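Novice: The amino acid sequence is not available; the structure is as follows:
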């Protein structure tokens, strides 16, 4: 019985010495309200970062050239840059911003996600912005079509 008590107390002491990891996420919907109501990609980027000037290198967007379903368009954003944030924008939906991620040191930027796009048959431009730790904005764009005539297209 004493052995069990000793082991359980040892486990509690061991757990209490582990330093809790602090995770901080910025709620951009509260801190950068204009980003989420901007109707154009340039307006959303300007509201997020204060400028639209970017360097077109260091970021890769992978998506099919023709998406078969507008309700679920697969998207991959990849970069080897040391970054502070990653933002994704599009020009098909009424609001241009899709997502903004806060990045912490040594984070691997390789995000797979699916986005919903409103489509009328015109080409859609996806823009990814990576804010480097050096304060510069790096970007990439990808143009895609959404096939019309599908159940949700």
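Specialist: Alright, I've got the coordinates. Fair warning: this is a prediction, and the values are worked out from it, not measured in the lab.
Novice: Count the neighbours of the spatially closest residue to residue 93 that is not a sequence neighbour for me.
Specialist: Closest residue to residue 93 in three dimensions, ignoring its sequence neighbours and counting by CB to CB, 6 or more residues apart in numbering: residue 118, at 5.0 Å. In this view, the C-beta of every residue, glycine as well, is placed from N, C-alpha and C. Per other CB atoms under 10 Å, the neighbour tally for residue 118 reads 12.
Novice: What separation is there between residue 118 and residue 56?
Specialist: Noted for residue 118: a distance of 26 Å to residue 56, by CB to CB, to the nearest Å.
Novice: next one: residue 101
Specialist: Distance from residue 101 to residue 56, by CB to CB: 20 Å.
Novice: Give me the more crowded residue out of these two.
Specialist: Neighbours around residue 101 and residue 56, counted as other CB under 10 Å, are more numerous at residue 101. The numbers are 18 against 9.
Novice: Work out for me the element the more buried one sits within.
Specialist: Element membership for residue 101, per DSSP states H and E: strand 97-102.
Novice: got it, and residue 75?
Specialist: Using DSSP H and E, residue 75 falls in strand 73-79.
Novice: and that strand, what does it pack onto?
Specialist: Here strand 73-79 touches strand 60-62, strand 83-90, strand 109-115, strand 124-132, strand 137-146, going by 3 or more CB pairs under 8 Å, 6 or more residues apart in numbering; DSSP states H and E.
Novice: Thanks a lot, see you next time.
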